[in-house]
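# everything below, folded, please.
(2 chains)
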Amino acid sequence: MTAIQSPARPAKDGAVPSPGRREAKQKTYKIGYGRWWWALPAVVLMLMLIYITTATGAFYAFTDWTGIGDFNFVGLDNFKKIFQTSELTGALVNTLILAFGFLIFTNILGLLFALALNRTLKSRFVLRTLLFMPVVIAPIAVSYIWKFIFAFNGPLNQTLGAIGLKSWQHDWLGDPDLALWCVLAVMVWQSVGFCMVIYLAGLATVPVDIEEAAVLDGAGVVKRFRHITVPMIQPSIAIATTLTLIQGLRVFDQVLALTAGGPAGSTQTLGTEVYQQAFVFNNFGFGASLALVLSVLILIFTVIQQYATRDRL
Amino acid sequence: MFRYSKKTLVLEIVTILGAIVMLMPFYFLITTSLKTGPEVLSGSALSFPSSPTFQNFVTLLSPSSDASGAILNGLLYSLIITAGTIIGLIVVGSPAAYVLTRSTSRWSNRTYYLFLIAILLPTQLGIVPLYVEARNLGLTGSPWGMIVVYTGVLMPLSVFLYGGFFRRLPRDYEEAATVDGASRGKVFVRIVFPLMGPATGTVAILAGLIVWNDFFTALIFLNGSNYATLPVAMYTYVGGLVSQWNLIFAVVIISMVPILAFYFFAQKRFIQGYAGGLKG
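Okay, the predicted model is just below:
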């Protein structure tokens, strides 16, 4: 990266008269903004730890490497295997369900809380602080709390029993049809405060007078929301949806702590499969190809997202 | 116009009820951690402990218990790794972002974009080769290796956050300082960096939270070593407990206390860091 040139700015360079007090000694000053090599450590770290590793990972995806010794090129065999193994295609579907469920529910709940806590409510500052609290806690700690809530004689079933809904009681995490939705609930619960804060920042930019003018013109709550709030918080919507989608696609901690992929692989995601293939079974090449599938998914959805949420006022 | 009316009161009550439902897990967490083992097994999961006790915490943290070593070590190494990464991100990231945003050369612009793209690049793909590379260099299973890895992986975030702030900083201070005879290094260390307090705070909070709470990378790099961070230590320890929720929740609370204390101490900064930092 020696090509970064000295960042001296020609426009501002040049002779500046010295403010010398004793004598008018002519001296030239060069206004410098650092040296180019100040950026070198950061650039080297980034290239080595992000770009080179990512490129190497994409390379391994086409091999049968086990982590030690030699490897063979296997072409597209890894990918064929992924799409022919039902557990892995299941993991792919689960990942998409979790990511989109997470995107939809977290944003709706976050936006609702943000709208409610935007102004006038007396308890708004306290509630904002409390609702953001789950965001700062480790996902794995959150997962343990919920594992207890979902346990067979845990709080959820006991509450259902107490209010006469005994038939609704389930072995929540042990039921292959329900476990995935439980994982989703935990993810949503933890990130509602995160979306709320992004939407609150957006709502703070909506001027009160515009809303007041709309009220005077006879616009109801829905109309005001649709025609004033939504267009003005467009940047927040773009950021919140992009981040939740990426976060949802990468889900790992919650699954490992809540169900470890079970029961019967019904909650496996691409994130947990990458971990198991690469680091538990030592199938580095195969794990890398799974990671490549996940990465391509993330890239595709990020690009689509950018187009979908671009300013369309 | 938007005064506190009856409607607002209804909204307030509904919102508070919604928030209470959202916060219920914390009630279960705290009450269960204060119960005894038998009470957790036989009593109602919803009730308040009949005689609240801190026995679970004492059991966990007393030197004689088999868990205290792992948990205290986890706290220590989480702290070292988080602090080391934050320092690395500030020391390496801020001058890089400064040079890249102040310079108008084509190359520095391109390099800056390289950092921005790296933020979007999914980390999963790199994690396998990163692990292999780190293992070959002997960086796995060591706190220093973790600091290097986290610093590198989070560097784009740091450069991006600092870059946003530097772009908005007027050049007048640097010009004045240069005219007064300060060297480039001095201008940065004494003038520019102190003005960047909010940026440094945002980097420290965002990166600190990511590192402190990270489980995936820490599990891969540190599992089975003597330097497991708190999330990994917790995962290992909880794996050996079957339904001893009182003990599990005591561990969970111990792992949460430092970060929550920090959050309530600097909550405005936290929330601004998230809202402002992510907007760039």
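
# ok, the longest helix belonging to chain B near chain A or not?
Taking DSSP state H as the assignment, the helix of chain B that covers the most residues is helix B:66-102. Yes: against chain A, helix B:66-102 shows contacts by C-beta under 8 Å from any C-beta of the partner chain at B:92-93, B:95-100, B:102. Yep, even glycine has a C-beta here, placed from its N, CA and C like the rest.

# for the closest residue to A:Trp65 other than its chain neighbours, what are its contacts?
Excluding its sequence neighbours, the residue lying closest to A:Trp65 (C-beta to C-beta, 6 or more residues apart in numbering or on different chains) is A:Phe71, at 3.6 Å. Applying C-beta atoms under 8 Å, 6 or more residues apart in numbering or on different chains, we find A:Phe71 in contact with A:60, A:63-65, A:285.

# do you know the pLDDT at the residue in the stretch 201-313 of chain A that chain B sits nearest to?
With C-beta to the nearest C-beta as the measure, A:Ala201 is the residue of the stretch 201-313 of chain A nearest to chain B, at 3.7 Å. At A:Ala201, the pLDDT value in this model is 87.

# same question, the one 3 residues further on
The predicted local distance difference test score for A:Ala204 is 86.

# how close does it sit to B:Ile271?
12 Å (C-beta to C-beta, to the nearest Å).

# neighbour count winner among those two?
Higher neighbour count among A:Ala204 and B:Ile271: B:Ile271, with 21 against 14, using other C-beta atoms under 10 Å in any protein chain shown.

# that one and chain A, how far apart?
In this view, B:Ile271 and chain A are 5 Å apart by C-beta to the nearest C-beta, to the nearest Å.

# before we move on, what about B:Trp212?
Distance, B:Trp212 to chain A, by C-beta to the nearest C-beta: 7 Å.

# in contact with that residue: list those residues for me.
A:138, B:78, B:82, B:230, B:258-259.

# ok, of the residues you listed, which come out buried?
A:138, B:78, B:82, B:230, B:259 (16 or more other C-beta atoms under 10 Å in any protein chain shown).

# surely the last one and B:Val211 touch.
No: if you go by C-beta atoms under 8 Å, B:Ile259 and B:Val211 don't touch, sitting 11.1 Å apart.

# least confident pick among the residues of helix B:66-102 next to chain A?
B:Arg102 (84).

# where does pLDDT dip in chain A?
A:1-32, A:310-313 (pLDDT under 70).

# in it, which spans are strands?
Using DSSP state E, no strands are found in chain A.

# centre-most residue in it?
A:Gln247 (2.7 Å; C-alpha atoms, centre = their mean).

# test my guess that it contacts A:Gln190.
No: A:Gln247 lies out of contact with A:Gln190 (C-beta under 8 Å); the separation is 10.0 Å.

# anything in contact with each of these two?
Residues touching both A:Gln247 and A:Gln190 by C-beta under 8 Å, 6+ apart: none at all.

# the helices in the stretch 101-250 of chain B, which residues?
Under the criterion DSSP state H, counting those that start in this stretch, the stretch 101-250 of chain B carries helices at the ranges B:106-120, B:124-136, B:143-168, B:172-179, B:184-186, B:193-195, B:197-213, B:216-222, B:230-239, B:245-265.

# re earlier: list just the nearest of the residues of helix B:66-102 next to chain A to A:Val43.
B:Ala96 (6.9 Å; C-beta to C-beta).

# so who does that closest one touch?
Per C-beta under 8 Å, 6+ apart, neighbours of B:Ala96: A:38-43, B:155, B:159.

# nearest spatial neighbour of it, chain-adjacent residues omitted?
A:Ala42 (3.5 Å).

# cool, B:Ile90 as well?
B:Thr200 (5.8 Å).

# the one you found: what's it in contact with?
B:Thr200 neighbours (C-beta under 8 Å, 6+ apart): B:90, B:94, B:193.

# 10 Å instead?
Counting by C-beta atoms under 10 Å, 6 or more residues apart in numbering or on different chains, B:Thr200 touches B:86, B:89-90, B:93-94, B:158, B:161-162, B:165, B:193-194.

# could you do B:Leu114 as well?
A:1, A:43, A:46-47, A:50-51, B:100, B:156, B:159 are the contacts of B:Leu114 under C-beta under 10 Å, 6+ apart.

# please pick the buried ones from these.
Buried, going by 16+ other C-beta under 10 Å: A:43, A:46-47, A:50, B:100, B:156, B:159, out of the contacts of B:Leu114.

# how long is stretch A:48-59 from one end to the other?
For stretch A:48-59, the first-to-last residue distance is 15 Å (C-alpha to C-alpha, to the nearest Å).

# hang on, the earlier thing: between the contacts of B:Ala96, which is nearest A:Ala185?
B:Met155 (34.4 Å).

# and that closest one, how far from B:Pro129?
From B:Met155 to B:Pro129 the distance is 17 Å (C-beta to C-beta).

# compare those two (neighbour count), which wins?
Between B:Met155 and B:Pro129, counted using other C-beta under 10 Å, the more crowded position is B:Met155 (28 against 22).

# mind pulling up the pLDDT for the more buried one?
For B:Met155, pLDDT reads 94.

# isn't it right up against A:Met46?
Yes: taking contacts as C-beta atoms under 10 Å, B:Met155 lies within contact range of A:Met46: 5.2 Å.

# shared neighbours of the two, anything?
Applying C-beta under 10 Å, 6+ apart, one finds that B:Met155 and A:Met46 are jointly contacted by B:92, B:96, B:115, B:118.

# so who does A:Ala91 touch?
Taking C-beta under 10 Å, 6+ apart as the test, what A:Ala91 contacts is A:82, A:85, A:255, A:261, A:265-274, A:276, A:290, A:293-294.

# repeat that for 7 Å
Contacts for A:Ala91 were tallied using C-beta atoms under 7 Å, 6 or more residues apart in numbering or on different chains; they are A:268-270, A:273.

# ok, now A:Leu245?
A:99, A:103, A:301, A:305.

# distance of it relative to A:Phe301?
Applying C-beta to C-beta to A:Leu245 and A:Phe301 gives a distance of 6 Å.

# angles on the backbone of the nearest residue to A:Gly271 once chain neighbours are set aside, please.
Excluding its sequence neighbours, the residue lying closest to A:Gly271 (C-beta to C-beta, 6+ apart) is A:Phe252, at 3.7 Å. The phi/psi pair for A:Phe252 (degrees, to the nearest 10) reads phi -150, psi -60.

# what do you get for B:Ile16?
According to degrees, to the nearest 10, B:Ile16 has phi -60, psi -40.

# let me see the contact set for B:Val92.
By C-beta under 7 Å, 6+ apart, the contact list for B:Val92 reads A:41-42, A:45, B:151, B:155.
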